[in-house]
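Engineer: prediction below, plus the sequence it came from.
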Amino acid sequence: MAHSHRRRSRLGVLLGAFTAAALAVGGLATTSTANAASTTESSTAAVPAHAVTGYWQNFNNGATVQKLADVPDAYDIVAVAFADATTTPGAVDFTLDSAGLGGYTDDAFKADIKAKQAAGKSVVISIGGEKGTIQVSDAASATNFADSVYALMQEYGFDGVDIDLENGLNSTYMSQALKSLAAKAGSGFVLTMAPQTIDMQSTSAEYFKTALAVKDILTVVNMQYYNSGSMLGCDGKVYSQGSVDFLTALACIQLEGGLDPSQVGIGTPASSSAAGSGYVAPSVVNDALDCLTKGTNCGSFKPSKTYPGLRGAMTWSTNWDAASGNAWSSTVGPHVDAM
């Protein structure tokens, strides 16, 4: 699978009801309806009420090469990018790029996952990326997806899964796969998603439909507010990427479209090198968080109400963050913690 995470720039997309390209994400597992409530509580307790997510690159694309142990404590959820498609429909696998990561071994990687978890962090396996082609489009592939992700969770100790499918997603069968996976995983399951902006413009989009269908097990949706054309905000106005208004007016669609504030995060590049377009300074991320949670530091768009329970922020990637002296996590991390 390809690994740039520099998404295609969708220039001048003028929107309305879009056919969505992709994504779903799931959360906690329960073995029976009776214990669903308690399972949800224990699972969400593992992730802080306000959390920072970062993608860790299992490849070298010019950013700082890291071991998982090198990822700063500012990151509460680390998404390992990426699992790969196999020849079995819907199934995925993961191979550590030991050669590209300076001889990093499976044993060291697994030990680093355990150490992160001992420090109160969550580590999930990310499915997809810009060139990921995993297709979950029927009952058989949904079963293959759930079984293969669960096998990776058992092998490596991952806490859950991140859905970052950018080339199409079927909400019916991805929801089925995620619910099945959650039931296997049990309490503590972490489910994150990273849709593109076009995927969350409307609740009729497949990605948005998936998020709503798995809302009971969903930890957070960290939409990618970058490599995007102009998009509609929840007020019906068109906003361009790279501004506080783009972050707040688009987050508002998710917040008003059925997701809980605790399930909404803001995803931005860690540096201008990390994405083709849409970079904003970390201080702008903090302004957007303030605007949405407190109604302060807004641009021209100001939400009609505040969402103090907003989950937090995400960045691509911890490696690009490191290449910039961890400027993103050292600025956004403390701000999220103080929310």
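Structural biologist: Great, that's in hand. Small disclaimer: the values here were computed from a predicted structure and weren't measured.

Engineer: CA only for contacts and neighbour counts going forward, please
Structural biologist: Fine.

Engineer: what about the helices in the stretch 201-339 of the chain?
Structural biologist: 206-213, 244-256, 282-294, 318-323, 327-337 (DSSP state H, counting those that start in this stretch).

Engineer: Phe109 is nearest to which of those helices?
Structural biologist: Judged by Cα to Cα, the one of the helices of the stretch 201-339 of the chain that comes nearest to Phe109 is helix 318-323, at 15.8 Å.

Engineer: run through who's touching that closest one.
Structural biologist: 54-57, 63-66, 71, 270-271, 273-274, 326-329 (Cα atoms under 8 Å, 6 or more residues apart in numbering).

Engineer: could you rerun that using 6 Å?
Structural biologist: Gly54, Tyr55, Trp56, Ala63, Thr64, Ala270, Trp328 (Cα atoms under 6 Å, 6 or more residues apart in numbering).

Engineer: quick one, phi/psi of Asp260?
Structural biologist: Dihedral pair for Asp260: phi -80, psi 150, per degrees, to the nearest 10.

Engineer: er, Val78 I mean
Structural biologist: According to degrees, to the nearest 10, Val78 has phi -110, psi 120.

Engineer: do the one 3 residues further on as well
Structural biologist: When read as degrees, to the nearest 10, the backbone of Ala81 gives phi -110, psi 120.

Engineer: residue contacts, it?
Structural biologist: By Cα under 6 Å, 6+ apart, the neighbours of Ala81 are Trp56, Gln57, Asn58, Ser126.

Engineer: what do you get for Thr53?
Structural biologist: Tyr75, Asp76, Ile77, Val78, Met314.

Engineer: could you export these as JSON lines, including pLDDT and distance to Leu289?
Structural biologist: Listed next are the contacts of Thr53 as JSON lines, based on pLDDT from 0 to 100; distance: Cα to Cα, whole Å:
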{"residue": "Tyr75", "pLDDT": "98", "distance to Leu289": "16"}
{"residue": "Asp76", "pLDDT": "98", "distance to Leu289": "17"}
{"residue": "Ile77", "pLDDT": "98", "distance to Leu289": "18"}
{"residue": "Val78", "pLDDT": "98", "distance to Leu289": "20"}
{"residue": "Met314", "pLDDT": "98", "distance to Leu289": "12"}
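
Engineer: any idea how far the nearest residue to Met200 once chain neighbours are set aside lies from Phe59?
Structural biologist: Of all residues beyond its chain neighbours, the one nearest Met200 is Phe208 (5.5 Å), with distances taken as Cα to Cα, 6 or more residues apart in numbering. To Phe59, Phe208 is 29 Å away according to Cα to Cα, to the nearest Å.

Engineer: out of those two, which sits in the busier spot?
Structural biologist: More crowded of Phe208 and Phe59, by other Cα atoms under 10 Å: Phe208, with 26 against 21.

Engineer: doesn't Thr197 make contact with the more buried one?
Structural biologist: No: counting by Cα atoms under 6 Å, Phe208 does not reach Thr197; the two are 10.6 Å apart.

Engineer: ok, so of the contacts of Ala81, who is nearest Val92?
Structural biologist: Closest to Val92, out of all of those and judged by Cα to Cα, is Ser126, at 10.4 Å.
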